[in-house]
Every structure is written in C-alpha cells, then in structure tokens.
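got a predicted model here, sequence first, then my questions.
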Amino acid sequence: MNKLISIYILISAFGTLQTKASTIQSGNELLVIAENFKTANNADSAIIYFQKASIAFDAEKNTALFIHANNQTGILLNRQDKYVEAKTVLTKSLISVDDPTDSIQLLISTTYLNLGVAYGGEEDFENSLLNHNKSLQIRLRILGPEHRDIATYYGNIGNIYFRKKEYDTAITIHEKALHIRQKLFGEKGVEVIQSYSNLGNAFREKEKYDSALVYFEKALDSKITQVGEGSKDLSKYYKNISEVHYLMNRKELGDQYLKKSNGVFE
C-alpha cells in the first residue's frame, strides 16, 4: 500500500511540474503581449510585459531581443518622464556593447539614443550629447553618411545644442541634417520641412530674423505643397512667421500671418 501511495505521489508531482512548465511563457509570447498593450496605448502594462520578455530573452540567451525589449521599455519610460528608471533598464543592454555583429550594434545604437533622450529629459546635456554621439557613430559606421537615420540623429543632436542655447553649433548640425534630407527626399519632403523649422528656430533665437524668415517660409511653402492651402496643419507655420515679423517690428505683416494661423484667410 505504501508503495502505491509513493507511486501516486510521484505521478502527481510529475503532472504538476508538466502543468507549470506548460504555463511558462516564452520571450516571444511575452513580447507579443507587450506589443499589443503598446498598440492599445496601455503603457504601464506594456512596460511590465516588455520587462518580463527581457528576463525571458536573457534566460534564453537571445541577445537581440533582450536588447530590443529593454529599448522598448526605455522608450515608454522616457515618454512618462521616468528618466531614472529608463536609464536603469537601458544600461542593462550595454553588457553587449562589444558584440561586433551589425544587427546587435544597431540595437545598441538605439540604446544610446534612448539614454540620450533620458539625460536630455533631465537637462543633463553633456551626458545626453555623449550618448547621442555614440549612437550616431555606430550608425555612421554601419549605414554610411547619407542614410535617413543619420539625418535624424543629427537633428536630435542639433536640438540638444539648441536647448543648451549654443545656436551656432545647432545651426551647423541642423544644416548637416538638411543636406542629407534634401538629397534623399528633395525640397518638399516631410523631414526636410522639419529641418527648415529647426533652422528657423535657431536663427530666430540668434536674432538673425531675415535668415529665420527664409527657413520658416520654406517650411510653409513645402507644407502647403503637401497638405493644401486651407489645411489646419499650416497653423504653426504661419504663427512662426508671424512671430518673426513682430520681432522685426512689422506689426501689419505679423497681424496678417497671425490671422492665417488662426484660420482667418483674407
């Protein structure tokens, strides 16, 4: 009888272990759940499942998806202004910084980018620039100097210098982004318009109002080509031009563009 009981206990224990094993979710399964929460704009749940996925991928020794899950967590935490938490998560991925594989290096580049965003959110501009530049150098090496990502990364760095009030350097960097974008997308591309606006902002802060107007007007002209004359999307472009005219003591022109920014076309 005792022997039968022992066999029953062993069988029951084995069945319990099988049941537990069957309920353990793989990294890929957890990643799908996280992505679904992210798509549904449920950031808190997405963060939980990206971190569960990260732990699973680490156990599975899947370096690429381990870094990807951490990057996604960092992005969401940055959006919530939780910069300390974002840096903690993102730094975990740097254990693979010496992996020479291009695909891993591109993921590490994204990690540095997100660290740059976190430091920028804390207004620690030196560390922000340090990480943005590390990210840029990896992408330059792998993608070459005329890839759209390179222009985006120059734009990010230009924005940090703008926030530091180092407008001359910001202009130089934004011009690099603009030249790449013009070559890739022509004069009217969406990303080209962003560069025009960035340069307009920098020249305005330098009180180089004529140059600011040149770039703000280029941005407006390109945006009109994209969306049409009466689009509400034009409001901020008219407002930028209005503000510069006011700064130049051109009240009448400032008023005209302000009306347009408010949707009043005469």
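Yep, it's here. Numbers count the residues shown, from 1 in each chain.

which residues in the stretch 101-250 of the chain form helices?
Along the stretch 101-250 of the chain, the stretches classed as helices by DSSP state H, counting those that start in this stretch are 102-121, 125-143, 148-163, 167-185, 190-205, 209-227, 235-247.

so what secondary structure elements neighbour the second one?
In this case it means helix 125-143. If contacts are counted by 3 or more C-beta pairs under 8 Å, 6 or more residues apart in numbering; DSSP states H and E, helix 125-143 sits against helix 102-121, helix 148-163. Using the backbone N, CA and C atoms, a C-beta is placed for each residue, glycine as well.

pull out the buried positions in it.
For helix 125-143, a neighbour-count test (16 or more other C-beta atoms under 10 Å) marks 125, 128-129, 131-132, 134-136, 138-139, 143 as buried.

which one of those is nearest to Lys92?
Asn131 (14.9 Å; C-beta to C-beta).

could I get the helices of the stretch 101-250 of the chain as a markdown table with mean pLDDT and distance to Asn262?
Listed next are the helices of the stretch 101-250 of the chain as a markdown table, based on pLDDT from 0 to 100; distance: least, C-beta to C-beta, whole Å:
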| stretch | mean pLDDT | distance to Asn262 |
| --- | --- | --- |
| helix 102-121 | 97 | 32 |
| helix 125-143 | 97 | 35 |
| helix 148-163 | 97 | 27 |
| helix 167-185 | 97 | 28 |
| helix 190-205 | 96 | 19 |
| helix 209-227 | 95 | 15 |
| helix 235-247 | 96 | 7 |
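
quick one on the thing from earlier: need the buried residues of helix 125-143 in JSON lines (columns: distance to Thr88).
JSON lines is the format used below for the buried residues of helix 125-143 (distance: C-beta to C-beta, whole Å):
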{"residue": "Phe125", "distance to Thr88": "20"}
{"residue": "Ser128", "distance to Thr88": "17"}
{"residue": "Leu129", "distance to Thr88": "21"}
{"residue": "Asn131", "distance to Thr88": "14"}
{"residue": "His132", "distance to Thr88": "19"}
{"residue": "Lys134", "distance to Thr88": "18"}
{"residue": "Ser135", "distance to Thr88": "18"}
{"residue": "Leu136", "distance to Thr88": "23"}
{"residue": "Ile138", "distance to Thr88": "22"}
{"residue": "Arg139", "distance to Thr88": "24"}
{"residue": "Leu143", "distance to Thr88": "29"}
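
out of these, which is nearest to Gly254?
Of all the buried residues of helix 125-143, Gly254 sits closest to Phe125, with 32.4 Å by C-beta to C-beta.

need the per-residue pLDDT for the nearest residue to that closest one once chain neighbours are set aside.
Closest residue to Phe125 apart from its sequence neighbours, by C-beta to C-beta, 6 or more residues apart in numbering: Lys164 at 5.0 Å. As predicted, Lys164 sits at a pLDDT of 97.

can you tell me how far Lys164 is from Ser128?
In this view, Lys164 and Ser128 are 9 Å apart by C-beta to C-beta, to the nearest Å.

also Lys87?
Distance from Lys87 to Ser128, counting by C-beta to C-beta: 11 Å.

likewise for Ser261?
Counting by C-beta to C-beta, the gap from Ser261 to Ser128 is 32 Å.

and for Ser211?
26 Å.

quick revisit: nearest to Ile67, out of the helices of the stretch 101-250 of the chain?
Closest to Ile67 of those, according to C-beta to C-beta: helix 102-121, at 4.3 Å.

restricting to C-alpha, output the closest one in PDB.
Below are the C-alpha coordinates for helix 102-121, written out as PDB (Å, rounded to 0.1, in the frame of the first residue of the first chain):
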ATOM      1  CA  ASP A 102      26.000  44.800 -37.100                       C
ATOM      2  CA  SER A 103      22.500  43.900 -36.000                       C
ATOM      3  CA  ILE A 104      23.400  44.000 -32.300                       C
ATOM      4  CA  GLN A 105      25.400  47.200 -32.800                       C
ATOM      5  CA  LEU A 106      22.300  48.900 -34.400                       C
ATOM      6  CA  LEU A 107      20.300  47.800 -31.400                       C
ATOM      7  CA  ILE A 108      23.000  49.200 -29.100                       C
ATOM      8  CA  SER A 109      22.800  52.400 -31.100                       C
ATOM      9  CA  THR A 110      19.100  52.700 -30.300                       C
ATOM     10  CA  THR A 111      20.000  52.100 -26.600                       C
ATOM     11  CA  TYR A 112      22.400  55.000 -26.600                       C
ATOM     12  CA  LEU A 113      19.800  57.100 -28.400                       C
ATOM     13  CA  ASN A 114      17.300  56.400 -25.700                       C
ATOM     14  CA  LEU A 115      19.900  57.100 -23.000                       C
ATOM     15  CA  GLY A 116      20.500  60.400 -24.700                       C
ATOM     16  CA  VAL A 117      16.800  61.200 -24.600                       C
ATOM     17  CA  ALA A 118      16.700  60.300 -20.800                       C
ATOM     18  CA  TYR A 119      19.600  62.500 -20.000                       C
ATOM     19  CA  GLY A 120      18.200  65.300 -22.100                       C
ATOM     20  CA  GLY A 121      14.900  65.000 -20.200                       C
END
